[in-house]
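Participant: Next comes the sequence, and after it the predicted model I'd like to discuss.
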Amino acid sequence: MVHFSVDDLLSKQTGAPAESIYGSFDLILCRNVLIYFAEEKQKRILQRLYTSLAKGGTLVLGASETLYGDLKSRFRTVDARNRIYQK
Ligand SMILES: C[S@@+](CC[C@H](N)C(=O)[O-])C[C@H]1O[C@@H](n2cnc3c(N)ncnc32)[C@H](O)[C@@H]1O
């Protein structure tokens with residue numbers, strides 16, 4: 001079952017989409033959004049995505065987006081070319 005909800009990636013009030021009943025996600029597709037933000041905000045968003053993912057969950061970024069610093073070592077790269085990472 002796929003559950004749709006609205007989320008502000010820059011929100012400081014919530015750690016995940018407010019309507020989420022799961023608390024953690026098995027799959028996050030976050031493509032072609034990070035590129036519009038400065039590095040500091042990208043890092044904040046990536047940390048938020050990391051926290052929202054279940055252990056073993058998958059994160060998919062856009063073709064010209066990547067993980068930063070500390071987070072690089074906390075994900076396993078599944079497919080570097082297609083920007084697929086596993087928590
Ligand atoms: C270039 S579109 C990419 C859409 C889609 N992911 C794709 O790859 O085709 C960027 C998207 O980021 C969304 N966006 C911008 N700022 C956002 C924010 N603070 N929180 C959540 N989404 C945001 C926009 O609404 C837009 O849908």
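Facilitator: It's in. Numbering: from 1, shown residues only.
Participant: Return the per-residue confidence for E19.
Facilitator: For E19, the model assigns a pLDDT of 57.
Participant: near the ligand at all, stretch 42-53?
Facilitator: No - applying CB under 6 Å from any ligand atom, one finds stretch 42-53 separated from the ligand by no less than 8.0 Å. Quick note: C-beta positions are derived from backbone N, CA and C, even for glycine.
Participant: Which positions in that stretch come out as buried?
Facilitator: The neighbour-count check on stretch 42-53 (16 or more other CB atoms under 10 Å) flags 42-43, 45-46, 48-50, 52-53 as buried.
Participant: contacting residues around it?
Facilitator: The contact list for stretch 42-53 (CB atoms under 8 Å, 6 or more residues apart in numbering) reads 9-10, 15-16, 24-26, 28, 30, 33-34, 37, 59, 65, 67-69, 71, 74-75, 87.
Participant: change it to 10 Å
Facilitator: Stretch 42-53 is touched from outside by 7, 9-12, 14-17, 20, 22-28, 30, 33-37, 57, 59, 61, 65-72, 74-75, 85-87, with contacts defined as CB atoms under 10 Å, 6 or more residues apart in numbering.
Participant: avg pLDDT for that stretch?
Facilitator: Rounded mean pLDDT across stretch 42-53 is 90.
Participant: then that stretch to PDB, C-alphas only?
Facilitator: Only the C-alpha atoms of stretch 42-53 are listed here, as PDB (Å, rounded to 0.1, in the frame of the first residue of the first chain):
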ATOM      1  CA  GLN A  42      21.100  19.900   1.700                       C
ATOM      2  CA  LYS A  43      22.900  18.500   4.700                       C
ATOM      3  CA  ARG A  44      20.000  19.200   7.000                       C
ATOM      4  CA  ILE A  45      17.500  17.600   4.500                       C
ATOM      5  CA  LEU A  46      19.800  14.500   4.100                       C
ATOM      6  CA  GLN A  47      20.000  14.100   7.900                       C
ATOM      7  CA  ARG A  48      16.200  14.300   8.000                       C
ATOM      8  CA  LEU A  49      15.900  11.600   5.300                       C
ATOM      9  CA  TYR A  50      18.400   9.400   7.100                       C
ATOM     10  CA  THR A  51      16.400   9.700  10.400                       C
ATOM     11  CA  SER A  52      13.100   9.000   8.500                       C
ATOM     12  CA  LEU A  53      14.400   5.800   6.900                       C
END
